[in-house]
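S.K.: just a sequence and a predicted model for now, questions to come.
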Amino acid sequence: MSPKGNHHAVVKTALNYYWSRKLPDEIMFTTETTFRFTEDTYLEPDFVFYPRGGLRELSGASAKLIVEIADSSLHYDLGRKAAMYAAFGIAELWVIHAVRLETRVHTEPTITGYRGIIDLPPHQRLTPTLMPSLAITLAELDLS
């Protein structure tokens, strides 16, 4: 996989700042953690949201939202990686294009992929299904 680009870091930093200020008491998030699905299968999402105190028991069922920021990795994140998240029961996955700030929202996981997939432009409000208080409009982010 190609190395992460500058756009990736800028968007990730802005999201980190935004969400850390909006986080409700019962929810935590971590960045680039090793998310183990099985002994030999793991991914490192840019963001994973989960119930407070649940990092040690983090699983597909307990994750509230996974966010991937795609720059050079867009094809992989929308393809194989999304299919793996779905197969492990991740309820909601966002893949954000780091340059265009367009987001593909994946919901309704099945063993072969997601049934619900929508593409949203940067000015469209993104609202996590299980955490509406963390809604965000990417076009309004401070990307300085």
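M.R.: Received it, and whenever you're ready, just let me know what you need. Keep in mind that this is a model prediction, so the values were computed, not measured. Numbering: from 1, shown residues only.
S.K.: those strands in the protein, which residues are they?
M.R.: For the chain, strands defined by DSSP state E occupy the ranges 27-30, 35-38, 41-43, 47-51, 65-70, 92-97, 103-109, 114-120.
S.K.: got those as JSON lines, with mean pLDDT, distance to residue 57 and mean neighbour count columns?
M.R.: (Each C-beta comes from the backbone N, C-alpha and C, glycine too.) Listed next are the strands of the chain as JSON lines, based on pLDDT from 0 to 100; distance: least, Cβ to Cβ, whole Å; neighbours: other Cβ atoms under 10 Å:
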{"stretch": "strand 27-30", "mean pLDDT": "92", "distance to residue 57": "12", "mean neighbour count": "18"}
{"stretch": "strand 35-38", "mean pLDDT": "79", "distance to residue 57": "11", "mean neighbour count": "14"}
{"stretch": "strand 41-43", "mean pLDDT": "86", "distance to residue 57": "15", "mean neighbour count": "13"}
{"stretch": "strand 47-51", "mean pLDDT": "94", "distance to residue 57": "9", "mean neighbour count": "20"}
{"stretch": "strand 65-70", "mean pLDDT": "97", "distance to residue 57": "16", "mean neighbour count": "25"}
{"stretch": "strand 92-97", "mean pLDDT": "98", "distance to residue 57": "19", "mean neighbour count": "24"}
{"stretch": "strand 103-109", "mean pLDDT": "98", "distance to residue 57": "19", "mean neighbour count": "20"}
{"stretch": "strand 114-120", "mean pLDDT": "98", "distance to residue 57": "24", "mean neighbour count": "14"}
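S.K.: just for this structure, where's the confidence low?
M.R.: Filtered on pLDDT under 70, the chain yields the residue ranges 1-5.
S.K.: bridged to residue 65, which residues?
M.R.: As for beta bridges, residue 65 partners with residue 49 under DSSP bridges.
S.K.: residue 114 is in contact with residue 106, isn't it?
M.R.: Yes. Residue 114 is within contact range of residue 106, at 3.9 Å (criterion: Cβ atoms under 8 Å).
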